[in-house]
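[1] Structural data only, the sequence is not supplied:
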Ligand code: NAP
């Protein structure tokens, strides 16, 4: 195989292999913003949607903190608008999932269920997944009382009783945020000590709306069209009981979707892709944007901003190579 001076191989695509200038993996706000910017730079981007079209944001009933929508916008509606806008400028969207990547040389080889792409540059925006409890009733009631985002859904629980699961910073921070709306916030933690920092602990303990149930786990979510109660189990004595609630917020950590890139891209100790301030990964020509590279902000607007930045940098990269 011949390599030219740009690090590209001179290999011709085998039949069935599809060359693409910018390949975007993931269809959340970061992915579609990247596609929009790359399309407007005439880079003919192709977006692989993955299994979760629109990413985590599309699971949100209403997004009210994305600028430009004073009355809010449904998460899945926003994803469709993102797609429409990117396609309007020439982005191609494939309902397909990357299953294997080879970043050892350019063009990067990305295999999906249906094709193999040879990408001159790659934007990874595969997002992160909130960890679920994986108990009966949880999946069925997502968006009907079960939520993984207080900022997104808290407003719907005005004067309601909610349960929060977790004992880390997220659980306490999001639980405290929920007290703006909810009548009561009951934090259920599996131990008798919180993992969260001292300041958040003090604030939560001082808040009259916050109650704690210690040494307990949720074993089932009860309700047909909406959450009515959760089944709790006391881990010290084994007792189980039904705890009535209007909502269940789960904050037991996130898992970045980086399995595909392990061993090829530098990841931090929690598995997030390491990027510099220009969204560049350790592999020249590979950029990462959105939650897959952001354990901190996790907002639609920040992810979209990173996607736009990644596409602008991919454009610079391709100009220079
Ligand atoms: P985390 O620190 O990993 O905490 C997860 C919590 O969920 C822990 O209390 C854990 O219990 C509990 N948990 C895990 N699996 C569970 C299960 N299956 N059932 C019940 N409970 C379970 O995650 P995080 O709170 O999302 O925070 C992630 C990182 O972001 C941390 O480094 C945190 O400091 C940071 N963060 C910082 C801020 C802030 O500074 N304001 C805000 C949010 C997040 P155990 O304690 O028993 O392990």
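    Looks like it came in fine. Treat the numbers as computed from the prediction; the structure is a model and nothing was measured.
[2] Any idea what residue 109 is bridged to?
    residue 102, residue 118 (DSSP bridges).
[3] Could you pull out the strands in the stretch 201-321 of the chain for me?
    210-213, 216-222, 229-234, 240-244, 247-250, 254-256, 286-288 (DSSP state E, counting those that start in this stretch).
[4] which residues touch the first one?
    Applying Cβ atoms under 8 Å, 6 or more residues apart in numbering, the external contacts of strand 210-213 come out as 175-176, 179, 184-189, 204, 232, 243. Using the backbone N, CA and C atoms, a C-beta is placed for each residue, glycine as well.
[5] Just confirm yes or no for that strand near the ligand.
    No - judged by Cβ under 6 Å from any ligand atom, strand 210-213 stays clear of the ligand, getting no closer than 11.8 Å.
[6] Tell me the gap between that strand and the middle of its chain.
    Strand 210-213 has its average C-alpha position 28 Å from the chain's average C-alpha position, going by Cα atoms, centre = their mean, to the nearest Å.
[7] So which bits of it are buried?
    210, 212-213 (16 or more other Cβ atoms under 10 Å).
[8] what's the answer for the third one, then?
    With burial defined by 16+ other Cβ under 10 Å, the residues of strand 229-234 counted as buried are 229-233.
[9] Could you pull up the contacting residues of the residue of the stretch 51-200 of the chain found nearest the ligand?
    Ranked by Cβ to the nearest ligand atom, the top residue of the stretch 51-200 of the chain for proximity to the ligand is residue 168, at 2.4 Å. Residue 168 makes contacts with 194-196, 251-253, as judged by Cβ under 8 Å, 6+ apart.
[10] distance of it from residue 287?
    30 Å (Cβ to Cβ, to the nearest Å).
[11] What of residue 170?
    From residue 170 to residue 287 the distance is 27 Å (Cβ to Cβ).
[12] Is it correct that residue 113 is in contact with residue 95?
    No - with contact defined as Cβ atoms under 8 Å, residue 113 does not count as touching residue 95 (9.8 Å).
[13] what's the closest of the buried residues of strand 210-213 to residue 297?
    residue 210 (24.5 Å; Cβ to Cβ).
[14] what pairs with that closest one across the strands?
    residue 185.
[15] Next one, pLDDT for it please.
    Looking at residue 210, its pLDDT stands at 98.
[16] Identify the residues contacting the lengthiest helix in the chain?
    Among the segments of the chain that qualify as a helix by DSSP state H, the longest is helix 300-320. By Cβ under 8 Å, 6+ apart, the list of residues contacting helix 300-320 from outside reads 21-22, 28-38, 41, 43, 45, 55, 57, 63, 65-67, 78, 120-121, 123, 125, 278-280, 284-285, 287-291, 293-294, 297.
[17] filter those residues down to the ones near the ligand?
    Applying Cβ under 6 Å from any ligand atom to these, none is adjacent to the ligand.
[18] Now the buried members of those.
    21-22, 28-38, 41, 43, 45, 55, 57, 63, 66, 78, 120-121, 123, 125, 279-280, 285, 287-291, 293-294.
[19] What residues of the helix or strand that residue 22 is a member of count as buried?
    Element membership for residue 22 (DSSP states H and E) is strand 17-25. Neighbour counts over strand 17-25 (16+ other Cβ under 10 Å) mark 20-25 as buried.
[20] State the mean pLDDT of the next helix or strand after that strand.
    With elements assigned by DSSP H and E, the helix or strand that comes after strand 17-25 is helix 29-40. Helix 29-40 carries an average pLDDT of 98.
[21] after helix 29-40 comes which helix or strand?
    Next element after helix 29-40 (DSSP H and E): strand 46-48.
[22] Okay, now the sheet partners of that following strand, with direction.
    strand 17-25 (parallel), strand 92-94 (parallel).
[23] Could you pull up the mean pLDDT of that strand?
    98.
[24] got it, and stretch 228-239?
    98.
[25] got the phi/psi numbers for residue 151?
    phi -60, psi -40 (degrees, to the nearest 10).
[26] Any idea how many residues pack against it?
    Neighbours of residue 151 under the rule other Cβ atoms under 10 Å: 17.
[27] Wait, it touches residue 180, no?
    No - Residue 151 lies out of contact with residue 180 (Cβ under 8 Å); the separation is 10.6 Å.
[28] Helix or strand with the lowest mean pLDDT in this structure?
    helix 150-153 (a mean of 84; mean pLDDT, DSSP states H and E).
[29] tell me what the helix or strand residue 87 falls within is packed against?
    For residue 87, the element it lies in under DSSP H and E is helix 75-88. Secondary-structure packing of helix 75-88 (3 or more Cβ pairs under 8 Å, 6 or more residues apart in numbering; DSSP states H and E): helix 29-40, strand 92-94.
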